[in-house]
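Q: just to be clear, the model below is a prediction. Sequence and coordinates:
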Amino acid sequence: MNLKSLQDTTTLHNGVKMPWFGLGVYKVQEGEEALKSVKAAIKAGYRAIDTAALYENEESVGQAIKESGVPREELFITTKVWNSDQRNDSVMEAFETSLKKLGLEYVDLYLVHWPVKEKYKQTWKVLEQLYKEGRVRAIGVSNFNIRQLEDLLADAEIKPMVNQVELHPLLSQPELRKYCKNQEIQIEAWAPLGQGRLLKHPVLTELAVRHNKSTAQVILRWDLQNEIVTIPKSVKEHRIIENADIFDFELSASDIEKINALNENKRFGADPETFNF
């Protein structure tokens, strides 16, 4: 895969093009912080922004989109339905609220945030309806494991286009990645840098020195070369720019093997089988 720029895209199974690289805004404060980081990212050439109802910053994301001056159709905006709205069967209302906060006519990707037991199949029906109505360009899931995906697919009319999961060198999810590839479901990494915990890892720092790059850049490059859509979060403009500066070097096969070998199935977030929120 020879990626040349931040605007390079993967094609989802319904033909929609999704950037390989974007900005995540989890825990970015509504208001000035979110507004500034999204605007800085778009200015730096990012075209994908990933938010969620839970993050409570959709309004600032929407405002940044408006103020960016970049045409709406050039941007790829993701948001997600939160668990309480699944439990209350208020998925449609949740979508309307997100859309209104974002100030958009449609979103590019709408995700089921977590596989809420007894609820995610009903939730998926609503997402299928939104998709058929053309109010979302693509639909997908987040934090689903293979068992949950198989369960969903047993009744789904439309296959998820994306599965966004915790994924980084200590949790590289090889079986899930293989399963999703066979199902034509694009895998996407949240917390690709292990929420910053991997930046001092000796194997990664050594590779970074060898490539004259930052540790973050090495990890994000590993994502891309493994066909993983990645959405690192940062609120600092210089870091937003630096994270994206990964198109002028390539990891060798042995570099990739070294990083692959770091997998310990170590989660920093909740496990989809046992989460309780």
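A: Noted; the coordinates are in hand.
Q: ok, Val81 - contacts?
A: Ala53, Val91, Ala94, Phe95, Ser98, Tyr110, Leu111, Val112, His113, Thr123, Leu127 (CB atoms under 8 Å, 6 or more residues apart in numbering). C-beta coordinates here come from the backbone N, C-alpha and C atoms, glycine included.
Q: that one bridge partners, please.
A: Under the criterion DSSP bridges, Val81 forms beta bridges with Val112.
Q: I'd like the contacts of Val81 laid out as TSV, including pLDDT and secondary structure.
A: Below are those laid out as TSV (pLDDT from 0 to 100; DSSP: H, G, I helix; E, B strand; the rest coil):
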residue	pLDDT	secondary structure
Ala53	98	helix
Val91	98	helix
Ala94	98	helix
Phe95	98	helix
Ser98	98	helix
Tyr110	99	strand
Leu111	98	strand
Val112	98	strand
His113	98	coil
Thr123	98	helix
Leu127	98	helix
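Q: could I get those residues as CSV with neighbour count and distance to Phe268?
A: Compiled in CSV, these are given as follows (neighbours: other CB atoms under 10 Å; distance: CB to CB, whole Å):
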residue, neighbour count, distance to Phe268
Ala53, 20, 22
Val91, 23, 28
Ala94, 22, 26
Phe95, 22, 29
Ser98, 23, 26
Tyr110, 27, 25
Leu111, 27, 20
Val112, 30, 21
His113, 22, 17
Thr123, 23, 25
Leu127, 25, 27
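Q: which one of those residues is nearest Asn163?
A: Leu111 (8.7 Å; CB to CB).
Q: check contacts around the closest one.
A: Counting by CB under 8 Å, 6+ apart, Leu111 has contacts Ala52, Thr78, Thr79, Lys80, Val81, Ile139, Gly140, Val141, Ser142, Val162, Gln164.
Q: ok, back up a step: quick one: which of the contacts of Val81 is nearest Asp8?
A: If you rank the contacts of Val81 by distance to Asp8 using CB to CB, Leu111 comes first, at 21.5 Å.
Q: state the helix or strand in which Arg177 lies.
A: helix 174-182 (DSSP states H and E).
Q: so of the contacts of Leu111, which ones are in strands?
A: Using DSSP state E, the subset of those located in strands is Thr78, Thr79, Lys80, Val81, Ile139, Gly140, Val141, Ser142, Val162, Gln164.
Q: what about the nearest residue to Glu30 once chain neighbours are set aside, how many neighbours?
A: Leaving aside its chain neighbours, Glu30 sits nearest to Asn57 (4.4 Å; criterion: CB to CB, 6 or more residues apart in numbering). Asn57 sits with 25 neighbouring residues when counted by other CB atoms under 10 Å.
Q: now Asn57: how far from Lys43?
A: Using CB to CB, to the nearest Å, one obtains 18 Å as the distance from Asn57 to Lys43.
Q: what do you get for Glu74?
A: Using CB to CB, Glu74 is found at 13 Å from Lys43.
Q: stretch 3-20 - what's its average pLDDT?
A: The average of the pLDDT scores along stretch 3-20 is 95.
Q: then stretch 230-248?
A: What stretch 230-248 shows for mean pLDDT is 97.
Q: can you list the buried residues in that stretch?
A: Within stretch 230-248, the residues that count as buried by 16 or more other CB atoms under 10 Å are 230-235, 239-244, 246.
Q: wait, which of these is closest to Lys119?
A: Using CB to CB, the buried residues of stretch 230-248 come closest to Lys119 at Ile231, 25.1 Å.
Q: what distance do you get for that closest one to Pro192?
A: 7 Å.
Q: just Pro202 next, same as before
A: 19 Å.
Q: neighbour count winner among those two?
A: Higher neighbour count among Pro202 and Pro192: Pro192, with 26 against 7, using other CB under 10 Å.
Q: distance from the centroid: which residue in this structure tops it?
A: Most distant residue from the mean C-alpha position of the chain: Arg210, 28.3 Å away (CA atoms, centre = their mean).
Q: counting by contacts, list what the helix or strand containing that residue packs against.
A: If you go by DSSP H and E, Arg210 is part of helix 202-211. When contacts are defined as 3 or more CB pairs under 8 Å, 6 or more residues apart in numbering; DSSP states H and E, helix 202-211 packs onto helix 215-225, helix 253-260.
Q: pretty sure Pro272 sits against Lys117.
A: No. Counting by CB atoms under 8 Å, Pro272 sits too far from Lys117 to count as a contact (10.5 Å).
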